[in-house]
Structures are given as structure tokens and as C-alpha cells.
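Enquirer: Sequence first, predicted coordinates after that:
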Amino acid sequence: MAKKYENYFVTKDKSDLKFPAYMHVDPKTTRHIAHIDQNTVKGAEFGCDNIWLLPGGPKEQKLMDANTQKYDRYFGFYSFNYDNIRDLCAEIEVYIGGEKHSIKKSGCMFIPAGLEVGPLTFKNITKPIFFTIEEPCGTGIGKKWD
């Protein structure tokens, strides 16, 4: 018997997922895990995209070109490093509002609506990195919550 809320769990990749033109996801160096949007979970107003970035690829992996969205976003980046959970085991070079930033620790960042972010490049990945982008989707785009 089907359970009432089982459709809220997404444990596989979206079969027809198409990344925006500003994203560069190389199947040789990334493993896409799951994607939630208004199509994978009916009525969802907030979604996410989850990717593992793997070591052993090119020295630099440009994941995103510069882009601006009309909604807030959250990016998370976390290394699979048991010895030091704060060490990213890589370097992220990211431009935010034209400012260059270099990140070497696991963490997250908030990108307000209308602020340009990118390019975003991962460099010298030595351990797997979990990368997530979370943002409104469907009818949630443009909506502000209290």
C-alpha cells in the first residue's frame, strides 16, 4: 500500500533534467544525486540540486558561468574529509558581484536576488565534495515568506 507522503522523497536523478546554459556539469567528474523542483515533487515551491564533485579530474572544474537570478539562492559545499570536516580539500574561486573570493573551507553562501555570481570554479579537488544549490521553483519564484 502506498504511503501518503512517500512522493516527498527523491532518491534518484530526474530523468529529463536539463541544466541551465550557465552550468557545466561534466559526467566524468560529477555525479548528480537528486533534483527537487515543482515537477519531481508536485506543488514544490522550493527546490534543490545535489551533486558530488570527484577528485581525479582536471585541475580546474568550472561549474558555473556568471549569472543573475531574480530570486535568492543558497550554495553549500562540503568535503568528505573525516579528519577535518572544515577542510574543503579543494579551493573554490567564485566571483560575487564582481569580487573574487577564494574559499578553502567547507561551508555555504547566500546569494541575494539580483546579485551576479560566477564564474564558480573548483580547483585541486583531493576528496569528494558535496555541492548543493537551493532555490525557489515553480510558484515559489518571486514569493517572499515571513
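Expert: On my side now, so go ahead.
Enquirer: Run through the neighbouring helices and strands of the lowest-mean-pLDDT helix or strand in the chain.
Expert: The weakest-scoring helix or strand in the chain, judged by mean pLDDT, DSSP states H and E, is strand 30-36 (a mean of 87). Packing partners of strand 30-36 (3 or more C-beta pairs under 8 Å, 6 or more residues apart in numbering; DSSP states H and E): strand 46-53. Yep, even glycine has a C-beta here, placed from its N, CA and C like the rest.
Enquirer: repeat that for 10 Å
Expert: Where contact means 3 or more C-beta pairs under 10 Å, 6 or more residues apart in numbering; DSSP states H and E, strand 30-36 is packed against strand 46-53, strand 129-136.
Enquirer: Any chance of those in CSV with mean pLDDT, mean neighbour count and distance to residue 7 as columns?
Expert: Shown next, in CSV, are the helices and strands packed on strand 30-36 (pLDDT from 0 to 100; neighbours: other C-beta atoms under 10 Å; distance: least, C-beta to C-beta, whole Å):
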stretch, mean pLDDT, mean neighbour count, distance to residue 7
strand 46-53, 94, 19, 14
strand 129-136, 96, 19, 19
